[in-house]
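> Need a 3D model of the following:
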Amino acid sequence: MFERIANSWELVKASVVVLRADKELLVFPILSSIALVLVSIGFVLPLIAAGAFEALLSGGTSLGQVASFLVGFAYYFVQYFVILFANTALVGAALIRLRGGDPTVGDGLRIAVQRLPQLTGYALIAATVGMILRALARRRSALGRIAVSLIGLAWNLATFLVVPVLVAEGVGPIQAIRRSVDLLRRTWGEQIAGNLSIS
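The predicted structure is shown next:
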């Protein structure tokens, strides 16, 4: 266990070295944040202007519930896609650096564009899981919400390495999830400790 924690600390230090060597790679999280704000504005402002925001939130009629679900799903999907795209670009550029290259922002974007089908598939899966967990949390007691939160935590841990697997191995989203679970199972100490350390 302590050896795995030490390994995860080495991974954290390697990540810091990559970011020090390539400060321009910080543009990906910044662009992701800006894009997420624009996505939120793009979803909320038209709903407010149309007077549909209150109806969607209340979901009173069955048509309102369907519309609320569709808008919520589209919002989740676009959010996940933006985050995944930026993370894929960052991971792709970091892998170039770790392999001895000198990545540019363009290199990261090129890698993310090459993985568009996989990112779209995984964003659909992640949005579906997110909507299911959200629906379950709304209909549960406090204890039920805790259980749903634990399921969400398990999902986040299981899919922690999906983006690096998508980038490095170029596999599909379902295979990337399976590979992420397998890697977590084999190296759980590094992943959990690394995630906590990076956070």
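> use CA for all of it now, contacts and neighbours both
Noted.
> following the host helix or strand of Leu153, which helix or strand comes up?
Using DSSP states H and E, Leu153 maps to helix 142-158. Tracing the chain C-terminally past helix 142-158 and defining elements by DSSP H and E, one meets helix 162-169 next.
> Could you check that following helix and say which residues are buried?
For helix 162-169, burial by neighbour count (16 or more other CA atoms under 10 Å) applies to 162-167.
> helices or strands next to that helix in the packing?
Under the contact definition 3 or more CA pairs under 8 Å, 6 or more residues apart in numbering; DSSP states H and E, helix 162-169 sits against helix 62-98, helix 173-186.
> hang on, isn't Gly172 packed against Leu116?
No - assessed by CA atoms under 8 Å, Gly172 is found out of contact with Leu116, at 10.6 Å.
> Just checking, which helix or strand of the protein averages the lowest pLDDT?
Here the helix or strand of the chain ranked lowest by mean pLDDT, DSSP states H and E is helix 53-58, holding a mean of 53.
> Excluding covalently adjacent residues, which one is nearest to Thr104?
Ala93 (7.0 Å; CA to CA, 6 or more residues apart in numbering).
> same question but for Tyr76, I mixed them up
Counting by CA to CA, 6+ apart, the residue nearest Tyr76 is Ala127, at 5.2 Å.
> Quick one: list the elements packing against the helix or strand harbouring that neighbour.
Under the criterion of DSSP H and E, Ala127 resides in helix 116-138. Counting contacts by 3+ CA pairs under 8 Å, 6+ apart, helix 116-138 is packed against helix 62-98, helix 142-158, helix 173-186.
> could the ones you listed be laid out in a markdown table, adding mean pLDDT, distance to Ile30 and mean neighbour count?
As requested, the helices and strands packed on helix 116-138 are exported to a markdown table (pLDDT from 0 to 100; distance: least, CA to CA, whole Å; neighbours: other CA atoms under 10 Å):
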| stretch | mean pLDDT | distance to Ile30 | mean neighbour count |
| --- | --- | --- | --- |
| helix 62-98 | 83 | 9 | 19 |
| helix 142-158 | 81 | 22 | 15 |
| helix 173-186 | 86 | 25 | 18 |
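> Looking at the ones you listed, which is nearest to Ile34?
Nearest of those to Ile34, taken as CA to CA: helix 62-98 at 10.0 Å.
> Thank you, goodbye.
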